[in-house]
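Asker: A predicted structure for the sequence below; I have some questions about it.
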Amino acid sequence: MSLSRPLPAPALTRSGTAAFNALARTGAALLGLAALASTLWNGLDDRGTALAFGLLVTLGELTRWSGAEERESAPLGAAAALSYALLGEQAGRPSEHGALQVVAVVSAATLLGSVPHVARGHAPTTDHLTRRVLTVAFAAVCFQPLYEQGRLLEWGGPRYAVLLVALLVLTALCDAVLTAAMAHSRARWPFGPLLRDELRATLGIGSAVCATGAVMSLAAAVVGLWALPVFSLPLLLTQLSFRRYAAVRVTYRQTIASLARATEIAGYTPVGHARRVAALSRAVGRELGLTAPDLVVLEYAALMHDIGQLSLVDPVPAGATAALPADEQRRIALLGGAVVRQTGVDAEVAVVVERQADPYREQPMTARIVRTVNAYEEMAREAGPEGPLAALERLRLATAHDYQPEVVESLARVLSQNRTDG
């Protein structure tokens, strides 16, 4: 495979997948503009209710945290938007707003709450806004026409609550599919694993968002708008807890990255080697469809894969362990695993570090990836300008025993995409 120019097949795939994101964003923009135009032309119905829900959505967006790994970084805004979409009565009085007004209020409030994030250069605001508009529109279109026709007035008590929960679950599923499809279009990662991770994440804070949206809608129908601050407070506190948890995870990763730099500071490995292996390993893992937890283990193990060299009396030239005899590679790997265990890092990371030098048929997939990417990085560095092609050729020749063919080919695809994108 030549890395000097993009291949025709991936180019066609890229154009096809990129079209989905463009279509979703265009559709959300047109829908939001049409809803705003209709609302401005006809005027706001139930202005107090619209203002209350709009302010709550704006507050949720203002408290949204950027750079979080969780799929829903503005749970309060999502719950308020869904609650407004499924609002039938307000303090016993039938509401008069329709689906278009719901989309208009949520779109305007989300845009207003996103202004500080845009000013600080935080992303991805466009994808976030697209998801918010399309999912709320889906919920409103499913609920509001039925309510306006009076069909839901015959439903009371538990049946009405079950209907709201069912619509919220269906909306959450649609949001998961949309999020996975947009990530697949943007990064060209496999759709199946992305959807699986999204569905798993929905069981976490996504379930809290759905539950809060249903409770706020039901409570507002009985006691009015006073229910909004009362029932949004628990979700806001949950959001703050998630924010602290995310900060702890960032600190944890920074600690591991600092430990990984010990081999560079001591002169055992070239500067930036661990970071390059970690980034490329994570990309290969994504391409192969690893789950989110496995990707975290893979990244941490790749960062610390050379830490066993700190136990050597005589450093390996340029830290290139791939060229060493198999027994010496295993000895260094076992030393590295022992060091990782002493640092208190997850035992799964230590296992990957220990087994990176084993024959690939005896390794877990994460260890196969680390072994292959580390060897590629070392071979490419030694070979000079033609390093990538020469390294891939050497890896392919060694797939009988040392490197798994599927991992090598996945690495080649990732490198080809990176070369094209660059």
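Answerer: On my side now, so go ahead. The structure presented is a predicted model; accordingly, all values stated were derived computationally and were not measured. Numbers count the residues shown, from 1 in each chain.

Asker: From Pro270, how far off is Ala80?
Answerer: 51 Å (Cβ to Cβ, to the nearest Å). Backbone N, C-alpha and C define where each C-beta goes, glycine included.

Asker: again, but for Ala380
Answerer: Counting by Cβ to Cβ, the gap from Ala380 to Pro270 is 12 Å.

Asker: who's more crowded, the two?
Answerer: Using other Cβ atoms under 10 Å, the more surrounded residue of Ala380 and Pro270 is Ala380, with 19 against 16.

Asker: Got phi/psi on Gln90?
Answerer: Recorded main-chain torsions at Gln90 are phi -140, psi 110, according to degrees, to the nearest 10.

Asker: give me the low-pLDDT residue ranges for the stretch 151-300 of the chain?
Answerer: 151-157 (pLDDT under 70).

Asker: residue ranges for the strands of the protein, please.
Answerer: 89-90, 93-94 (DSSP state E).

Asker: Show me what the first one packs onto, helices and strands only.
Answerer: Strand 89-90 is packed against helix 207-223, with contacts defined by 3 or more Cβ pairs under 8 Å, 6 or more residues apart in numbering; DSSP states H and E.

Asker: Can you give the contact residues for the helix it packs on?
Answerer: Contacts with helix 207-223, where a contact means Cβ atoms under 8 Å, 6 or more residues apart in numbering, come from 72, 75, 78-83, 86-92, 160-161, 164-165, 168-169, 171-172, 227-228, 230-232, 234-235, 238.

Asker: Buried residues, it. List them.
Answerer: Within helix 207-223, the residues scored as buried using 16 or more other Cβ atoms under 10 Å are 208-221.

Asker: what's the closest of those residues to Val250?
Answerer: Of all the buried residues of helix 207-223, Ala208 has the smallest distance to Val250: 21.9 Å, by Cβ to Cβ.

Asker: Need the max-distance pair from the buried residues of helix 207-223.
Answerer: Spatial extent of the buried residues of helix 207-223 (Cβ to Cβ) is set by the pair Ala208 and Ala221 at 20.7 Å.

Asker: surely Cys174 meets Ala137?
Answerer: No: with contacts counted by Cβ atoms under 8 Å, Cys174 stays clear of Ala137, the gap being 10.4 Å.

Asker: Those two: which is more packed in?
Answerer: Under the neighbour definition other Cβ under 10 Å, Cys174 and Ala137 were set side by side, and Ala137 has more, 23 against 16.

Asker: From Val277, how far off is the more buried one?
Answerer: 44 Å.

Asker: Where does pLDDT dip in the stretch 1-150 of the chain?
Answerer: In the predicted model of the stretch 1-150 of the chain, residues 1-18, 65-73, 122-124, 150 satisfy pLDDT under 70.

Asker: Which residue ranges of it form helices?
Answerer: Applying DSSP state H, counting those that start in this stretch to the stretch 1-150 of the chain gives helices spanning 8-42, 47-62, 75-85, 99-119, 125-148.

Asker: Can you check what angle separates the shortest one from helix 125-148?
Answerer: What separates the directions of helix 75-85 and helix 125-148 is an angle of 30 degrees, with axes from the mean of the first three to the mean of the last three Cα atoms, to 10 degrees.

Asker: mind checking how far helix 75-85 is from the chain centre?
Answerer: Here the centre of helix 75-85 is set off from its chain's centre by 21 Å, with Cα atoms, centre = their mean, to the nearest Å.
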